[in-house]
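Asks: let's see this in three dimensions:
(chains A and B)
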Amino acid sequence: MKTETPQLAISRVFDAPRALVYRAFTDPDHLAAWWGPVGNSLPRDEIEFDVRPGGFQRWTEVNAAEPGLRVQIHVDLIDVADGELLEGVMHVSGRLPEGVEPFATRLRIEFHDEADGRTRLEIRQWLPEHLAGPSQEGWRQAFTKLDATLIER
Amino acid sequence: MAGTDQLSAVFSALSDPTRRAILAELAERDATVTELTAPLSISMPAVSRHLKVLERAALISRSRSGKWRASRLEAAPLREAADWIERYRRFWDTSLTRLDAHLAAVQAAERATDRTVDGPDGRGPRGDRMNPRENE
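Replies: So this is what the prediction gives:
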């Protein structure tokens, strides 16, 4: 597993205790309630979780607008610390939108206590291999600058 | 892969705000020197100099035929990666906004259940929350 800098970093504070935020990611009923855009649905009988180091989280996403698209998400969990950390490789496959090939992305989610019983979520995500070959770190740094420029416009 | 010299050229090329602006223009469409001069408010020779730097860094290519040499963005891998990141950033933004609402709803339901179970004298079994998984 490569340890280089993640390409996507998101930090967000929730007005909820850490145990509850963690459960929102590790309990099938909770995850189905919020994962993905509105209109996205996760068939309950296709959600399968075994949350532990070496375990997995698997589910299917169905898009309300295009029910023919069924995206299979398989997360192979590598590092899990109860209430604190989920890290693994997320494999995305199934009947994907046109132009999207199956890919795998490394994902790390940290749960931190904040003041007043709130919780800070730290999400780190890495580019899939086909976009980020081992020799392309320089390109990624370059693109980050380019991306920033494009967004400024 | 891009060699070290190539990467240096890329970084050097991207270090200049005008050249980044040129790349942003070219991300929209191919353009000639003349077409790039207007939006950037700099002289044609200045644009030409910047284009040479970008071409050396292989970030753009320039057509060799015809009177008008259009420049084309050649940073396709960069754009693909940028698009991917942007898609996921939007995905997380949407999902986490829904998560925020979900967490608020769950906690509101818990408080309502607590009040009901506790009753007016407040002696209810507080451990017995609405969701059995609460106590895992």
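Asks: for chain A, see how far away B:R20 is.
Replies: Taking CB to the nearest CB, to the nearest Å as the measure, B:R20 and chain A are separated by 4 Å. Bear in mind the C-beta positions are built from the backbone N, C-alpha and C, glycine included.
Asks: what pLDDT, on average, does the helix or strand hosting that residue get?
Replies: Assigned by DSSP states H and E, B:R20 falls within helix B:17-28. Mean per-residue pLDDT for helix B:17-28: 84.
Asks: domain assignment for chain B?
Replies: Split into domains by automatic domain parsing, chain B comes to B:4-74, B:78-135.
Asks: rank these by mean pLDDT and give me the bottom one.
Replies: domain B:78-135 (a mean of 74).
Asks: which neighbouring elements make contact with the longest helix that chain B contains?
Replies: The single longest helix within chain B, with elements called by DSSP state H, is helix B:76-118. With contacts defined as 3 or more CB pairs under 8 Å, 6 or more residues apart in numbering or on different chains; DSSP states H and E, helix B:76-118 has these neighbours: strand A:8-14, helix A:18-26, helix A:28-34, strand A:119-125, helix A:137-152.
Asks: circling back: most packed of the domains of chain B?
Replies: domain B:4-74 (a mean of 16; mean count of other CB atoms under 10 Å in any protein chain shown).
Asks: roughly how far is that one from the heart of the chain?
Replies: 22 Å (CA atoms, centre = their mean, to the nearest Å).
Asks: try stretch A:11-19
Replies: 17 Å.
Asks: same question for stretch A:91-106.
Replies: Using CA atoms, centre = their mean, the offset of stretch A:91-106 from its chain centre is 13 Å.
Asks: follow-up on the earlier one: averaging pLDDT over each of the helices and strands packed on helix B:76-118, which comes out lowest?
Replies: helix A:137-152 (a mean of 53).
Asks: now the residue most central in space within chain A, nearest residue through space, not along the chain?
Replies: Residue closest to the mean C-alpha point of chain A, counted by CA atoms, centre = their mean, is A:L107 at 5.5 Å. Excluding the flanking residues, the one nearest A:L107 by CB to CB, 6 or more residues apart in numbering or on different chains is A:M90, at 4.9 Å.
Asks: partner strands of the helix or strand encompassing the one you found, with direction?
Replies: Following DSSP H and E, one finds A:M90 within strand A:85-95. Paired strands of strand A:85-95, with direction, are strand A:70-81 (antiparallel), strand A:103-113 (antiparallel) (DSSP bridges).
Asks: list the residues that contact residue 31.
Replies: The chain I'm using is chain A. With contact taken as CB atoms under 8 Å, 6 or more residues apart in numbering or on different chains, A:L31 is in contact with A:A24, A:F25, A:L42, A:I47, A:W59.
Asks: sorry, should have said chain B
Replies: B:E25, B:A70, B:S71.
Asks: now render those as TSV, adding distance to chain A.
Replies: Shown next, in TSV, are the contacts of B:A31 (distance: CB to the nearest CB, whole Å):
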residue	distance to chain A
B:E25	9
B:A70	20
B:S71	15
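Asks: nearest residue to A:P28 other than its sequence neighbours?
Replies: A:I47 (4.0 Å).
Asks: state the pLDDT value of the one you found.
Replies: Looking at A:I47, the pLDDT reads 97.
Asks: kindly report the same for A:A64.
Replies: So, for A:A64, pLDDT stands at 81.
Asks: next one: the one 10 residues further on
Replies: Predicted confidence (pLDDT) for A:H74: 97.
Asks: nearest spatial neighbour of it, chain-adjacent residues omitted?
Replies: For A:H74, the spatially nearest residue (CB to CB, 6+ apart) is A:H91, at 4.4 Å.
Asks: and B:T113, how far from B:Q107?
Replies: 11 Å (CB to CB, to the nearest Å).
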